[in-house]
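>>> Below are the sequence and a predicted model; questions follow.
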Amino acid sequence: MNTDNDINTIELATDMTIAWLSNPNTRAGAEDASSFLLSMKDALDKQQAPEAGVETDTADLPQPAVSVRKSLASKDHLISMIDGKPYKTLRRHLSTHGMTPEEYRTRYGLKPDYPMVAESYSEQRRAMAHKIGLGRKPAEAAPVDAPEVAETSAPAKPRRGRKAADA
């Protein structure tokens, strides 16, 4: 049962094998070439095969360790849907799993405004920032009519060494 699709798959697999063998960095024997050709044909067949079912999309999503409501239940921490453990901030936890906050939200079907930092921790950071002066507008410049205050500094000490002696 050779169709045009089968012939194209065989031709593509053959072309890929020829390209692989023509690479000067490839050191392969006859048995390696045949196994590579078979693996390329299998890969191309899988890629061209029609999807078995559409229902697999919902099965691909991983099951969260906790519900969304439970993950946001406490103001002191957020519970990770990956492992079910509490964290004050999820960013570092997600980076250890190779994810960004956007990927995390997409993976578990969360809204775009799902928080990455616990509410109480955010308030602590906010209070600390206000205490050290972050978020304030810079002070206005002194008026032009105001006299400038001269700096009172000690006269410079004479330099020691060769350059001082030359001067």
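Received, thanks.
>>> mind checking the SS state of residue 15?
helix (DSSP: H, G, I helix; E, B strand; the rest coil).
>>> just residue 25 next, same as before
Per three-state DSSP, residue 25 ends up coil.
>>> Quick check, pLDDT for it.
Note on residue 25: pLDDT of 81.
>>> likewise residue 124?
95.
>>> What helix or strand is it located in?
Counting by DSSP states H and E, the element that carries residue 124 is helix 119-132.
>>> Only the buried residues of that helix, if you could.
residue 121 (16 or more other Cβ atoms under 10 Å). For the C-beta atoms, the positions are set from N, CA and C on the backbone; glycine is no exception.
>>> And the average pLDDT for the helix or strand where residue 39 lies is what?
Assigned by DSSP H and E, residue 39 belongs to helix 30-48. On average, the pLDDT along helix 30-48 is 80.
>>> any idea how far residue 123 is from residue 16?
Distance from residue 123 to residue 16, counting by Cβ to Cβ, to the nearest Å: 58 Å.
>>> Now for the closest residue in space to residue 125 that isn't next to it in sequence, how many residues are close by?
Of all residues not flanking residue 125 in the chain, residue 117 sits nearest, at 7.9 Å (Cβ to Cβ, 6 or more residues apart in numbering). When counting by other Cβ atoms under 10 Å, one arrives at 15 neighbours for residue 117.
>>> can you check residue 104 too?
Residue 104: 20 neighbours (other Cβ under 10 Å).
>>> ok, now residue 31?
8.
>>> and it, what is it in contact with?
With contact set as Cβ atoms under 8 Å, 6 or more residues apart in numbering, residue 31 has no partners.
>>> From residue 38, how far out is it?
The value you get for residue 31 to residue 38, if Cβ to Cβ is used, is 11 Å.
>>> Okay, domains of the chain per the record?
Domain ranges of the chain: 4-50, 61-119, per automatic domain parsing.
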